[in-house]
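Colleague: need coordinates for the below:
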Amino acid sequence: MGVHRLKKQHSAPSLGGSGSGSGSSSASMPPKGCMAVRVVGPAGGGGREEEEEEERFVVPVGYLKHPLFVALLKAAEEEYGFEQKGAITIPCGVDHFRRVQGIIHHQRQHHNHHGSGGGAHHGHHSSNHHFHIAGCFRA
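Modeller: This is a model prediction of the structure:
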């Protein structure tokens, strides 16, 4: 199951919710078994500090069970609360989200590969990746 991305860059003042509704931000519904999230964080290009990058990702709902994704959702709750409308907004740099996504995808592939052999799954696989997400969030 692939990941679909639509990219849109903003500077901080334009993120206020003018709701222009044009362009790729009003994308179609995600496929069954997937959900859309918006990742909003500092632009990775080393530009001015007030520039933010926003990107929409469509991810499998299975990500909701992964501890790294749960931590991102916790940060979204702390930043925006539970009253979000539409896609969940995650306060994280896009590049950092991609790294988290890559780890989750790799672990899911690894688990699916080893889980289909009929033998018991050994818990040591889940601790192979140590990933600190503290750098993802704004202070």
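Colleague: element containing Gln109?
Modeller: Here Gln109 sits within helix 94-115, counting by DSSP states H and E.
Colleague: likewise for Val39?
Modeller: Using DSSP H and E, Val39 sits within strand 34-42.
Colleague: in this protein, which helix or strand is least confident?
Modeller: Ranked by mean pLDDT, DSSP states H and E, the weakest helix or strand in the chain is strand 4-11, scoring a mean of 42.
Colleague: picking that back up, buried stuff in the helix holding Gln109?
Modeller: Judged by neighbour count (16 or more other C-beta atoms under 10 Å), helix 94-115 contains these buried residues: 94-101, 103-105, 107-108. (Each C-beta comes from the backbone N, C-alpha and C, glycine too.)
Colleague: make JSON lines from those and add pLDDT and distance to Gly81 to it.
Modeller: JSON lines is the format used below for those (pLDDT from 0 to 100; distance: C-beta to C-beta, whole Å):
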{"residue": "Val94", "pLDDT": "96", "distance to Gly81": "22"}
{"residue": "Asp95", "pLDDT": "95", "distance to Gly81": "26"}
{"residue": "His96", "pLDDT": "95", "distance to Gly81": "22"}
{"residue": "Phe97", "pLDDT": "97", "distance to Gly81": "20"}
{"residue": "Arg98", "pLDDT": "97", "distance to Gly81": "25"}
{"residue": "Arg99", "pLDDT": "96", "distance to Gly81": "26"}
{"residue": "Val100", "pLDDT": "97", "distance to Gly81": "22"}
{"residue": "Gln101", "pLDDT": "96", "distance to Gly81": "24"}
{"residue": "Ile103", "pLDDT": "97", "distance to Gly81": "27"}
{"residue": "Ile104", "pLDDT": "96", "distance to Gly81": "24"}
{"residue": "His105", "pLDDT": "93", "distance to Gly81": "29"}
{"residue": "Gln107", "pLDDT": "93", "distance to Gly81": "29"}
{"residue": "Arg108", "pLDDT": "89", "distance to Gly81": "29"}
